[in-house]
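J.: need coordinates for the below:
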Amino acid sequence: MASEGFETPPPASPTPGGGPARARTLPRAVLTAILLGGLGLRLLAIDSRGLWFDEGWRVWAARLPTAGDVLHAVWAQPPSAPLYWLALHAWIGLVGHGDVAVRLLSVPAAGAVLLAGYWLGWLVEGRSTGLLAAGLLAVSPLAVEVGQEATMYAWSMLLATLALAAGLAWLQTGRGLRRYVVLGSLLLYTHYMGALLLGALLLAGLVWLGPAPRPAGSPAGSPVGPRRRRWLAAHGLMALVWAPWLVAMGLRMAERWPELSHLSHRAGWAEVYGTALTLAAAASAAATWAPGWQFLVLSLGAVLLGLPLVTRRPALPAGWLVAIVAGGFPIAILGVSAATGAWLTQPRFLALVLPALLVVLAAGLVGALRAARPRALRLLVLVLLGAWLAAQGAGVLAFYRQPVHGRDGLREIGALLTAEVRPGDLVVTNHGLLPPMLAQYYDGPVHALPADEDVRQGYVLWPLPEPAQLPAQQWAVLAPQVPTAGRIWLIYLPFLDPDGALRRQIGTAFPLAAHRSYPFADVDLFAPP
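T.: So this is what the prediction gives:
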């Protein structure tokens with residue numbers, strides 16, 4: 001049954017009372033309720049805040065005139081993957097670039113990943129695990145957060161889960177290898193970190209298949225069996241499909257290596273802890289919860305993931321394969337950081353393996369409930385599950401109430417400028433990427449200091465190599481424009497000028513007339529007395 005993926009198992013023979021029909025209808029009803037509830041959570045309050053930095057940049061690039069322009073802009077920012085950007089470009093051409101419109105592109109993927117999680121869980125250990133995995137994913141704060149953003153994470157999470165399930169289905173049944181190749185190729189062109197997941201699955205699959213038996217009397221050494229050859233060939237084909245973009249991206253990274261290299265820093269315990277917390281409760285809860293609550297949620301998640309070991313229930317090979325792939329993803333990232341000192345991973349990258357981790361958690365819960373003989377132990381497992389669901393609900397609520405990127409961001413700054421900027425006013429910012437971000441909400445000119453960047457040729461990388469010299473460079477460019485400006489609007493990110501040097505320089509020419517502070521940036525108005 002579990003090996004047939006999305007396909008419905010063969011119908012059982014009718015029995016009095018409609019038992020088999022009821023057995024089929026109930027899981028479908030539960031899955032439908034999970035899907036509708038999950039979609040509701042991802043649509044709720046989708047317009048409660050403006051676009052944040054990552055969304056604004058992607059929308060700006062997707063609004064470029066042609067698909068070729070979009071592709072060039074994506075290529076200019078290595079490492080990258082172009083499929084979502086091109087899809088957003090086409091989507092905007094159909095429905096426009098309003099906040100809700102661009103975020104709605106992620107909602108179908110955010111709903112479909114619940115079905116993909118159900119499929120993966122079903123392949124691992126049957127319907128109960130699939131339903132519980134889908135339910136856990138429906139209320140996951142990280143899944144909800146990325147499910148209503150104009151970013152690629154909802155689609156990369158969906159494709160990663162589908163690719164993992166398709167690969168597992170082929171390993172179990174020998175059917176659907178072409179489906180796996182197509183899904184894996186789409187994943188690589190949606191998020192480059194998909195290569196890490198597919199690599200882990202490649203190795204785990206080779207262990208699963210094992211070496212071919214050695215014929216009696218043959219020389220020592222085991223030949224590679226036909227299934228192993230097909231598995232290797234499938235991944236070789238995916239690599240071949242990805243090769244054109246990989247080569248182009250590698251050449252671009254070589255061009256920008258002096259800039260990229262100064263961003264490296266080794267992952268410490270703080271980065272590991274923050275990444276795990278983002279997986280468990282998402283960024284909003286991680287930023288607002290007290291340390292004690294954060295530690296409690298992480299500890300609860302660790303206990304639930306360890307349930308199969310505590311109950312000593314033999315896990316199915318499929319469960320181990322999914323656990324190894326999901327766990328190998330962050331372990332490989334940490335290994336690279338330890339070896340090279342580079343920690344360029346965002347916690348949201350781990351959204352690719354979030355459904356797989358929840359499948360492992362669901363399989364552990366289902367196994368523990370089945371294996372627990374004393375009623376008290378079974379009750380304890382149910383209490384742990386209830387506590388986890390409560391923590392997930394609290395994380396989702398934290399996202400709705402106090403999103404980590406704030407409600408007063410680019411949209412509010414754009415509205416302020418639209419309402420109050422007069423002819424002759426000069427609008428400047430100390431952040432090189434802000435002008436294209438604000439283009440979503442403000443049609444007037446915004447100039448970055450010390451010079452406008454053509455982000456189609458590569459975005460500005462932070463932190464800058466010599467940040468201490470930046471305020472002086474900015475003032476040198478701005479000073480000649482001050483005498484002819486009616487007023488000066490400064491959109492100001494304090495972390496780029498912690499001593500306030502640029503503000504003080506402008507204040508020597510024009511007094512500060514108004515100050516507004518937003519989570520994303522401050523806005524200062526300098527006007528002649």
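
J.: check contacts around the residue nearest to Gly409 when sequence neighbours are not counted.
T.: Closest residue to Gly409 apart from its sequence neighbours, by Cβ to Cβ, 6 or more residues apart in numbering: Phe520 at 4.3 Å. Placement of C-beta: from N, CA and C, glycine included. Taking Cβ atoms under 8 Å, 6 or more residues apart in numbering, we find Phe520 in contact with 52-53, 405-406, 408-410, 413, 493.

J.: okay, buried residues for stretch 390-402 please.
T.: Buried residues in stretch 390-402, defined by neighbour count with 16 or more other Cβ atoms under 10 Å: 391-392, 394-396, 398-400.

J.: mind listing what Asn241 touches?
T.: Not quite, residue 241 is Val, not Asn. 181, 185, 188.

J.: you'd agree the first one is up against Gly236?
T.: No. Val181 is beyond contact range of Gly236, at 9.9 Å (criterion: Cβ atoms under 8 Å).

J.: okay, the two: which has more neighbours?
T.: Val181 (21 against 12; other Cβ atoms under 10 Å).

J.: confirm that that one sits in a strand.
T.: No. Looking at Val181 with DSSP: H, G, I helix; E, B strand; the rest coil, it is helix, so not inside a strand.

J.: mind checking which helix or strand of this protein has the lowest mean pLDDT?
T.: helix 307-311 (a mean of 69; mean pLDDT, DSSP states H and E).

J.: right, and the helix or strand after that helix?
T.: Counting by DSSP states H and E, the next helix or strand C-terminal to helix 307-311 is helix 317-340.

J.: buried ones in the helix or strand following that following helix?
T.: Using DSSP H and E, the helix or strand that directly follows helix 317-340 along the chain is helix 354-371. Buried residues in helix 354-371, counted by 16+ other Cβ under 10 Å: 354-369, 371.

J.: hey, what's the spatially closest residue to Arg516 that is not a sequence neighbour bridged with?
T.: Closest residue in space to Arg516, ignoring its immediate chain neighbours: Val523 at 4.6 Å, by Cβ to Cβ, 6+ apart. Val523 forms beta bridges with Ile491, Arg516, as assigned by DSSP bridges.

J.: neighbours of Val523, how many?
T.: Neighbour number of Val523 under other Cβ under 10 Å is 21.

J.: which stretches of the stretch 401-529 of the chain form helices?
T.: Along the stretch 401-529 of the chain, the segments classed as helices by DSSP state H, counting those that start in this stretch run 410-420, 434-438, 470-478, 501-509.

J.: nearest to Ser337, of these?
T.: Nearest to Ser337, of all the helices of the stretch 401-529 of the chain, is helix 470-478, at 28.0 Å by Cβ to Cβ.

J.: coming back round to it: export the helices of the stretch 401-529 of the chain as CSV, with columns for distance to Gln346, mean pLDDT and mean neighbour count.
T.: As requested, those are exported to CSV (distance: least, Cβ to Cβ, whole Å; pLDDT from 0 to 100; neighbours: other Cβ atoms under 10 Å):
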stretch, distance to Gln346, mean pLDDT, mean neighbour count
helix 410-420, 19, 93, 18
helix 434-438, 18, 89, 24
helix 470-478, 24, 88, 17
helix 501-509, 29, 91, 16
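
J.: which one of the ones you listed lies closest to Ala451?
T.: helix 470-478 (6.7 Å).

J.: from Leu142, how far out is Val322?
T.: 18 Å (Cβ to Cβ, to the nearest Å).

J.: Asp522 - how many residues pack around it?
T.: Using other Cβ under 10 Å, Asp522 has 15 neighbouring residues.

J.: tally of neighbours for the closest residue in space to it that isn't next to it in sequence?
T.: Closest residue to Asp522 in three dimensions, ignoring its sequence neighbours and counting by Cβ to Cβ, 6+ apart: Tyr492, at 4.6 Å. Close neighbours of Tyr492, defined as other Cβ under 10 Å, add up to 22.

J.: ok, Tyr492 touching Asp524?
T.: Yes. Between Tyr492 and Asp524 there is a contact at 6.0 Å, judged by Cβ under 8 Å.
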